[in-house]
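Student: pasting the sequence and the predicted coordinates here, then a few questions.
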Amino acid sequence: MVATGSLSSKNPASISELLDCGYHPESLLSDFDYWDYVVPEPNLNEVIFEESTCQNLVKMLENCLSKSKQTKLGCSKVLVPEKLTQRIAQDVLRLSSTEPCGLRGCVMHVNLEIENVCKKLDRIVCDSSVVPTFELTLVFKQENCSWTGFRDFFFSRGRFSSGFRRTLILSSGFRLVKKKLYSLIGTTVIEGS
């Protein structure tokens, strides 16, 4: 029997069957009240913990992009679409939820795809004290925008070239590939858009 808090929403035929079997209306009401209290409330500490873990992961990704912009990408700015790192962090947490050590067992390889070529940006080890159980490969994608190429060409000529360096604009799309290190189960690929 599935119990809800209101008898009025129940099928009258089902209730009459219960009455025919010897249940009294008072006991039905108390049974339904009982189930209202048995259903567990969401664990707010777990929600808060997951939110803080997600925010820490967002900061790791943003720091990775920040460090890479001058050293590996050769640009002065990286423009990231709103909520992109948040969406990626949520997908990472979802993929790590089925792992024995969770996110702690993750090693993430961060790449950027520019004109169909993948450039390695960083390797993030979530917890160096835990032996990794799975790897994630994150591939950011560059926005295909004709204006940025034209702008870079325009400003690279003449008096603006000395202080100006290009701006990289990321697409809202990304690829996230999960590879289990100690399992024969296949690879999981997530394409975000």
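Tutor: Done, it's in. Values in this document were obtained by computation on a predicted structure and should not be read as measured data. Numbering: from 1, shown residues only.

Student: wouldn't residue 166 be in contact with residue 70 here?
Tutor: No - taking contacts as C-beta atoms under 8 Å, residue 166 lies outside contact range of residue 70: 11.5 Å. Backbone N, C-alpha and C define where each C-beta goes, glycine included.

Student: with neighbour numbers in mind, choose between the two.
Tutor: Legend: neighbour count by other C-beta atoms under 10 Å for residue 166 and residue 70, higher for residue 166 (17 against 12).

Student: for residue 112, see how far away that one is.
Tutor: 14 Å (C-beta to C-beta, to the nearest Å).

Student: repeat that for residue 126.
Tutor: Residue 126 is 20 Å from residue 112, by C-beta to C-beta.

Student: next: residue 76.
Tutor: 16 Å.

Student: what is in contact with residue 166 and residue 70 at once?
Tutor: Common contacts of residue 166 and residue 70, defined by C-beta atoms under 8 Å, 6 or more residues apart in numbering, comprise residue 76.

Student: nearest residue to residue 190 other than its sequence neighbours?
Tutor: Closest residue to residue 190 apart from its sequence neighbours, by C-beta to C-beta, 6 or more residues apart in numbering: residue 176 at 4.3 Å.

Student: going by neighbour count, list what's buried in the biggest strand by length in the chain.
Tutor: Counting by DSSP state E, the longest strand found in the chain is strand 167-180. Buried positions in strand 167-180, judged by neighbour count with 16 or more other C-beta atoms under 10 Å: 168, 169, 170, 171, 173, 174, 175, 176, 177, 178, 179.

Student: dump whichever helix or strand comes after that strand to PDB, restricted to CA.
Tutor: Later in the chain than strand 167-180, the nearest helix or strand by DSSP states H and E is strand 188-192. Backbone C-alpha positions of strand 188-192 (Å, rounded to 0.1, in the frame of the first residue of the first chain) are rendered in PDB as follows:
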ATOM      1  CA  THR A 188      31.300   7.400 -19.800                       C
ATOM      2  CA  VAL A 189      31.100  10.500 -22.000                       C
ATOM      3  CA  ILE A 190      29.100  13.600 -21.300                       C
ATOM      4  CA  GLU A 191      28.600  16.400 -23.900                       C
ATOM      5  CA  GLY A 192      27.500  19.600 -22.400                       C
END
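
Student: parallel or antiparallel, list what pairs with strand 188-192.
Tutor: Applying DSSP bridges, strand 188-192 is found paired with strand 167-180 (antiparallel).

Student: outside of the partner strand, which residues touch it?
Tutor: 69, 73, 75-81, 84, 88, 91-92, 95, 112-113, 133-145, 148, 187-193.
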